[in-house]
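J.: I would like the atomic coordinates for the input below:
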Amino acid sequence: MLKPIYYKYLFIGFIASVITSCTPTTNQLDSVIKRGELIVLTRLDPTTYSSNPSGVRGFEYELVSLFAKRLGVKTRFIFPNKFNDLLDISSDNTVDFTAAGLSITPEREKKLLFSPPYYEVKQQLIYHYRTRRPRSIKQLNSPFFEVLADSSHAENLRKIKLSEPSLDWVETNNSSIVELVGMVNSGLLDYTIADSTQFQIMRTHLPMLNVAFDISEPEKIAWAFAKNQDLSLYNEAVTFINEAKQNGTLDQLQDKYFGYSKQLDYVGICTFRRHFKTRFTSLREDFHQAAKKYDLDWALLAAVAYQESHWNPNAISPTGVRGIMMLTKATAKQMNVANRLDPSQSIDGGAHYLATRLKKVPSRITEPDRTWMALASYNIGLGHLEDARILTQQQGANPDKWVDVQRHLPLLADKKWYPSTKYGYARGHEPVTYISNIRQYLTMLERLEPSYMPPSNTLEIQLPAL
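T.: Okay, here's the model as predicted:
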């Protein structure tokens, strides 16, 4: 027979268990908000997170920062020594998730929970132009073919090897994609593999490298979470990414990081670097003075000038525009430029004119869209730009976002559309290429001028509150 004292303790234990079961436990989302910090694994890479004198930048850095802003917390990025550590996400909340440009692959899906994808990449074989270009996997017979261990690149090569047994490569844990591509550039490797977005950015300062061919179909990139029963933070991230797709945030970020560096080829990049050494030095002070006078970014002004004339003070076109900023007679007169072939006068006149274009852009349009709109009007005229913005709105897109307007500018040359516009026909593809080139020149100037501090063009994204 049980003694009364036993029943006493049994009752106390029962009450304690009831109280414990009724006490709400803290889920992962609540933990993040309580700690005031989002802890994220990433890697140093031009597409994810990079730092230079002008600050931190990168697609993943900005996207994660926007998510943290939505949650009302700060961000802390952790950089593992090995790529494989990015995939080792424990469920004990030591880190919250990985944002490192990870591809969704069948092998990874066995261990990780992926967010909705936010862009696609292709795996590309990279080689130096002095190396014989391989035309197919069958021609990859070099012992100096190295890829990142545990990467989707290595995973894909293993699949290919099933049908191409002679294929061979080396996997490394001690290098990054940037370092592997640099080794190809230095001649230490014949080949490596990089994602298309990675190489697109790196090729700006490594013009002697080329893509031999794509070795994969497009792969989807996403955030990776630990697989566990607590989906609170994961579900919030899913909501955030879906909203970012709908409100244009992802389009803007993709345009900012990947939407402008496809225009220039090897010759164009090398020519720019040569002209920087031979022509830019004598013009640097003029760009600085004019930019300060009209409250502009001097590098933007220099990039516009290079697009116009390749910094040639004696440049002249068949249509009669002249000088470094390629001003028309009418514009030069309006900007009080007496001699269009005088570098200082031309740069001052071009800066003045660009400043007037910026003032014409509606005040509700924020940066960086404001600058791209002003440059489009500098190139094609304000009337044609307004026609394109109206077409953009009629097509259900945002007329205040350059990423949308640039898609509709080419319609100005389409006889299906331009007869209905106020200002009629225009070569609408030209300002799109014009601005793409200028943006790439800006990127190269930033690399060639280490002290350059570009203005902040932070995306102001308004997302629903929690």
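J.: all contacts plus neighbour counts: C-alpha atoms, from now on.
T.: Will do.
J.: now the strands for the stretch 51-200 of the chain?
T.: Taking DSSP state E, counting those that start in this stretch as the criterion, the stretch 51-200 of the chain contains strands spanning 55-57, 74-78, 97-103, 112-114, 119-121, 123-128, 146-148, 170-172, 191-195.
J.: Out of those, flag the one nearest residue 378.
T.: For residue 378, the closest of the strands of the stretch 51-200 of the chain is strand 55-57, at 28.1 Å, according to CA to CA.
J.: helices or strands up against that closest one?
T.: Packing contacts for strand 55-57, counted by 3 or more CA pairs under 8 Å, 6 or more residues apart in numbering; DSSP states H and E, involve strand 50-52.
J.: Any chance you could list what contacts the strand it packs on?
T.: The contact list for strand 50-52 (CA atoms under 8 Å, 6 or more residues apart in numbering) reads 44, 56-58.
J.: Make a ChimeraX selection of whichever of these turn out to be buried.
T.: The ChimeraX selection below is limited to those of those classed as buried (16 or more other CA atoms under 10 Å):
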select :44,57,58
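J.: In TSV, list the contacts of strand 50-52 along with distance to residue 176.
T.: Shown next, in TSV, are these (distance: CA to CA, whole Å):
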residue	distance to residue 176
44	8
56	19
57	18
58	16
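J.: how about the contacts of strand 50-52 in a markdown table, adding distance to residue 224 and pLDDT?
T.: Below are the contacts of strand 50-52 laid out as a markdown table (distance: CA to CA, whole Å; pLDDT from 0 to 100):
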| residue | distance to residue 224 | pLDDT |
| --- | --- | --- |
| 44 | 17 | 89 |
| 56 | 22 | 84 |
| 57 | 21 | 85 |
| 58 | 18 | 90 |
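J.: can you tell me which of the contacts of strand 50-52 lies nearest to residue 129?
T.: Nearest to residue 129 among those: residue 44, at 26.3 Å, using CA to CA.
J.: Report the beta-bridge partners for that closest one.
T.: residue 49 (DSSP bridges).
J.: That one against residue 79, yeah?
T.: Yes - contact criterion CA atoms under 8 Å: residue 44 and residue 79 qualify, at 7.3 Å.
J.: For the stretch 201-350 of the chain, which segments count as helices?
T.: Per DSSP state H, counting those that start in this stretch, the stretch 201-350 of the chain carries helices over the ranges 232-246, 249-258, 266-275, 284-293, 298-309, 329-334, 343-360.
J.: Next, the buried residues of the fourth one.
T.: Read it as helix 284-293. Going by 16+ other CA under 10 Å, helix 284-293 has these buried residues: 286-291.
J.: Columns distance to residue 426 and pLDDT on top of those residues, output as JSON lines?
T.: Below are these laid out as JSON lines (distance: CA to CA, whole Å; pLDDT from 0 to 100):
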{"residue": "286", "distance to residue 426": "33", "pLDDT": "96"}
{"residue": "287", "distance to residue 426": "30", "pLDDT": "96"}
{"residue": "288", "distance to residue 426": "33", "pLDDT": "95"}
{"residue": "289", "distance to residue 426": "34", "pLDDT": "96"}
{"residue": "290", "distance to residue 426": "30", "pLDDT": "97"}
{"residue": "291", "distance to residue 426": "30", "pLDDT": "96"}
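J.: export those to JSON lines and tack on distance to residue 132?
T.: Shown next, in JSON lines, are those (distance: CA to CA, whole Å):
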{"residue": "286", "distance to residue 132": "44"}
{"residue": "287", "distance to residue 132": "42"}
{"residue": "288", "distance to residue 132": "44"}
{"residue": "289", "distance to residue 132": "47"}
{"residue": "290", "distance to residue 132": "47"}
{"residue": "291", "distance to residue 132": "46"}
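J.: between those residues, which is closest to residue 37?
T.: Using CA to CA, the buried residues of helix 284-293 come closest to residue 37 at residue 291, 39.2 Å.
J.: how near is the nearest residue to residue 286 once chain neighbours are set aside to residue 447?
T.: Computed as CA to CA, 6 or more residues apart in numbering, the closest residue to residue 286 that is not its neighbour in sequence is residue 344, at 5.8 Å. Taking CA to CA, to the nearest Å as the measure, residue 344 falls 25 Å from residue 447.
J.: dump the residue contacts of residue 49.
T.: By CA under 8 Å, 6+ apart, the contact set of residue 49 is 42-43, 56-61.
J.: And the pLDDT at residue 178?
T.: pLDDT, residue 178: 89.
J.: Could you report the neighbour count for it?
T.: 15 (other CA atoms under 10 Å).
J.: residues contacting the spatially closest residue to it that is not a sequence neighbour?
T.: Distances taken as CA to CA, 6+ apart place residue 45 nearest to residue 178, at 6.8 Å, with adjacent residues excluded. Under the criterion of CA under 8 Å, 6+ apart, the contact list for residue 45 reads 58, 177-178, 198.
J.: what does residue 131 give?
T.: Residue 131 makes contact with residue 190 under the criterion CA under 8 Å, 6+ apart.
J.: returning to that earlier point: which one of residue 344 and residue 447 has more residues nearby?
T.: The residue with more neighbours, out of residue 344 and residue 447, is residue 344; 20 against 14, by other CA under 10 Å.
J.: pretty sure the more buried one is touching residue 288, no?
T.: No - between residue 344 and residue 288 there is no contact under CA under 8 Å: 10.8 Å.
J.: Look up which residues are beta-bridged to residue 121.
T.: Note on residue 121: beta-bridge partners by DSSP bridges are residue 219.
J.: I'd say it and residue 215 touch.
T.: No - if you go by CA under 8 Å, residue 121 and residue 215 don't touch, sitting 11.2 Å apart.
J.: Leaving out chain neighbours, which residue sits closest to residue 402?
T.: Here the residue nearest residue 402, using CA to CA, 6+ apart, is residue 369, at 5.3 Å.
J.: CSV please, covering the contacts of residue 49 and showing distance to residue 189.
T.: Listed next are the contacts of residue 49 as CSV, based on distance: CA to CA, whole Å:
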residue, distance to residue 189
42, 26
43, 22
56, 30
57, 29
58, 27
59, 28
60, 28
61, 30
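J.: and which of those residues is nearest residue 339?
T.: Closest approach to residue 339 among those (CA to CA): residue 57, at 40.9 Å.
J.: Quick check: the closest one vs residue 257, distance?
T.: Counting by CA to CA - residue 57 and residue 257 are separated by 9 Å.
J.: before we move on, what about residue 246?
T.: 19 Å.
J.: what sits against residue 142?
T.: Taking CA under 8 Å, 6+ apart as the criterion, residue 142 is in contact with residue 190.
J.: before we move on, what about residue 394?
T.: Counting by CA under 8 Å, 6+ apart, residue 394 touches no other residue.
J.: Residue 341 now?
T.: Neighbour list for residue 341: 313-315, 322-324 [criterion: CA under 8 Å, 6+ apart].
J.: No further queries at this time; thank you.
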